[in-house]
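K.L.:
Have a look; sequence and predicted model below, questions after that.
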Amino acid sequence: MNASKLARTSLSILLAHRARTLVSCGAVFIGVAALVLMVGAGQAGERDLRARIREMGSNNLAVRAGHFQTVGRHVQQVSRTTTLLPQDVELLRRQLLGVRRLAGVATDTKVVRFRAEAQALSIVGVDPEYFELQRLVVARGRAFSAEEERGLARVAVVGATAAHELFELDDPIGQQVRVGGVPFEIIGVTAKKGGGLFGADPDQDVYVPLSTLLSRLLGRSWVDVVLVQADSPALFPVLRHDIAEDLRRAHHLAAGRPDDFTIQDPAALLAAEHEMGEAFRALVGGVAGVSLATGGIGIIAVMLMTVRERTREIGLRRAIGATRRAILFQFLFEAGLLTGLGGLAGALFALPANALICRLAGWPTVWPVAAMLAGTAFSVGLGVLCGIAPAVRAARLEPAVAVRAAV
Amino acid sequence: MIELSGIEKQYTTDGTETKVLKGIDLAVEKGEFVAIMGASGAGKTTLMNILGLLDSPSGGNYRFEGQDVTHLPDRVLSHLRNHSIGFVFQLFHLLDRLTVLDNVLLPLLYSQEYPKDATERARHLVELVGLQDRVKYRPTALSGGQQQRVAIARALINNPALILADEPTGNLDSGMGREVLGLLQRLHGDDRTIVLITHDPNVAACAGRLVQLADGRVVADRMQQPVLAS
């Protein structure tokens, strides 16, 4: 039988029963759309995770002042303490083995003024090692030195976005700004980095020496975080133990008293976050499975009904020369076309929907074309599989009986 | 053209055997117009199913165009039905979702090769049955007589040697019935054999030969002067 004529005939049959076609396609539509979304979101989330871990470095531990717990996507501070001091940073620097870099970090928001421009920005006080530890590249000018840090120098390095917003067309290097009323000289601008630890945007921050921030701007002595870059993540267990021991001793914590700091593995936190996404994707996968199973059962029912309704037509086709095989093929083709259309529509719907989800989630956009093609092919296969029983029934009809059927 | 010898057909329903045809001997020559007449239950439909290769006999032998077709595989029987036999049914059996032209073209879907001049051929046949201004119509927009004329055009698309018409006027009023019979009379000739099944003596009178069936047997077989239908 001529394939293109068969396709045209099958399509005309599906179009003649539009409502039924739409309903039977519906479940397959949902199933394939969910399947493509699941794969797309999975790929995008994975890519995002890898990018963020790469950015922050997978060798870093964060020692944070106070207690923190992870709730969903967010790390919440449960209690805040003032006991993590710059001396602790020095202590850890001296004591710890297997550590490449170490940096104390304190953060606050201050108004930064440049001429008539004023912006509230995150002021991050850091040890000079912070730039290398966080892979922050100073693209123009320079970073501050250890001497400047010790001397409470009023120098600042500005994030790329903040520099653009604050100075617009002016060259930031050498400009004087006021940070919380205190004059600072801009000595460097970082290259654009994007993404950041705990939701921060490093491109929007202003970096000053840690001691300057604590003494001149905040008038306090404690830091928020100590970042520890290990030689290898394999050392994390040992480091966690050593850090806890050193800090507990330095903070004079008696046995049985809880830590006044929290040691976090940012990459592990991200991975945990990603795993929660996995659970969500498993749920979407379940929806896909149930929808496709429902779709399959629906197709069997619809095709059986079709065979019943079209018994006389089958008889006629047999009378005018259709072989059993041609009838079998026609009904399998119709079933495959029916689910294939539903699957294709679902896949086409899922592509922009997936792009939207990626955008909303802040993930890099992925186009799961392979999943789309596989989903459509799978839906055709599902239709053919579910069409077997009805098609066999149609092909087995005796022409002499079918052609005189009452329906 | 058709040689039936000792054709029997029996059905078993719920363990009960019913013999519908009890040894039919019948020969039809090429170009004949034969009416097979009989009362309800005489075995007309069963005989037509066997003649049209839609069913196989339980006993006896059937030769069609010199070939023994009593026990052939489905593929060969389907090809013979497609190529050599045209059916005209009482209820027309047109597909409502297809146009007149597409209904006429339908048997070509199952031909070994789809002819290049298919549409031209179908248009010519639609013209032959007088429906050239209804080519794009759906069957539901046509009268019963017009629908049966479309069915006749469809039966002719592969230029078959035999046309089997099963009560072709059974669903038509007398005027339309005469039109259809007139068309069949015009179509039969040297190369085309027509076998018409009917219970109506007026319809049977249009054929050149009358075979009468009763209780699964041929009880009369005679040549007659056909009455012109229109």
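P.N.:
Everything's here; your move.

K.L.:
Name the nearest residue to the closest residue to chain B within the stretch 151-300 of chain A, sequence neighbours excluded.
P.N.:
Nearest residue of the stretch 151-300 of chain A to chain B (Cβ to the nearest Cβ) works out as residue A:299 at 20.5 Å. (C-beta placed from N, C-alpha, C; glycine too.) Among residues not flanking residue A:299 along the chain, residue A:386 sits closest, at 4.2 Å (Cβ to Cβ, 6 or more residues apart in numbering or on different chains).

K.L.:
Pull up the residues of the stretch 301-407 of chain A that are close to chain B.
P.N.:
A:312-313, A:315-326, A:398-400, A:403-404 (Cβ under 8 Å from any Cβ of the partner chain).

K.L.:
Just confirm residue B:145 contacts residue B:171, I think it does.
P.N.:
No: between residue B:145 and residue B:171 no contact is recorded; they are 9.7 Å apart, counting by Cβ atoms under 8 Å.

K.L.:
okay, these two: which has more neighbours?
P.N.:
For residue B:145 against residue B:171, the residue with the higher neighbour count under other Cβ atoms under 10 Å in any protein chain shown is residue B:145, and the figures read 19 against 16.

K.L.:
Report the separation between the more buried one and residue A:239.
P.N.:
From residue B:145 across to residue A:239, the span is 96 Å (Cβ to Cβ, to the nearest Å).

K.L.:
In the stretch 151-300 of chain A, what residue spans correspond to strands?
P.N.:
Counting by DSSP state E, counting those that start in this stretch, one finds strands in the stretch 151-300 of chain A at the ranges A:155-158, A:176-179, A:182-190, A:206-209, A:225-230, A:261-264.

K.L.:
With respect to burial, which of these scores highest?
P.N.:
By mean neighbour count, with neighbours taken as mean count of other Cβ atoms under 10 Å in any protein chain shown, strand A:206-209 ranks first of those at a mean of 28.

K.L.:
I'd like the mean pLDDT over it, please.
P.N.:
In this model, strand A:206-209 has a mean pLDDT of 94.

K.L.:
Paired strands for it, with orientation please.
P.N.:
For strand A:206-209, the paired strands and their directions (DSSP bridges) read strand A:117-126 (parallel), strand A:155-158 (antiparallel).

K.L.:
what's the domain layout of chain A?
P.N.:
In terms of domains, chain A is parsed into A:3-52+A:271-402, A:98-231 (source: automatic domain parsing).

K.L.:
Out of these, which is closest to residue B:158?
P.N.:
Across the domains of chain A, residue B:158 has its closest neighbour in domain A:3-52+A:271-402 (8.0 Å, Cβ to Cβ).

K.L.:
which residues does residue A:117 contact?
P.N.:
Taking Cβ atoms under 8 Å, 6 or more residues apart in numbering or on different chains as the definition of contact, the neighbours of residue A:117 are residue A:166.

K.L.:
quick one on the thing from earlier: and the residue nearest to residue A:299, how close does it get to residue A:24?
P.N.:
Taken as Cβ to Cβ, the span from residue A:386 to residue A:24 is 10 Å.

K.L.:
So the residue lying closest to residue A:271 once chain neighbours are set aside versus residue A:288, what's the distance?
P.N.:
Closest residue to residue A:271 apart from its sequence neighbours, by Cβ to Cβ, 6+ apart: residue A:49 at 6.9 Å. Summarising the geometry, the distance separating residue A:49 from residue A:288, computed by Cβ to Cβ, is 22 Å.
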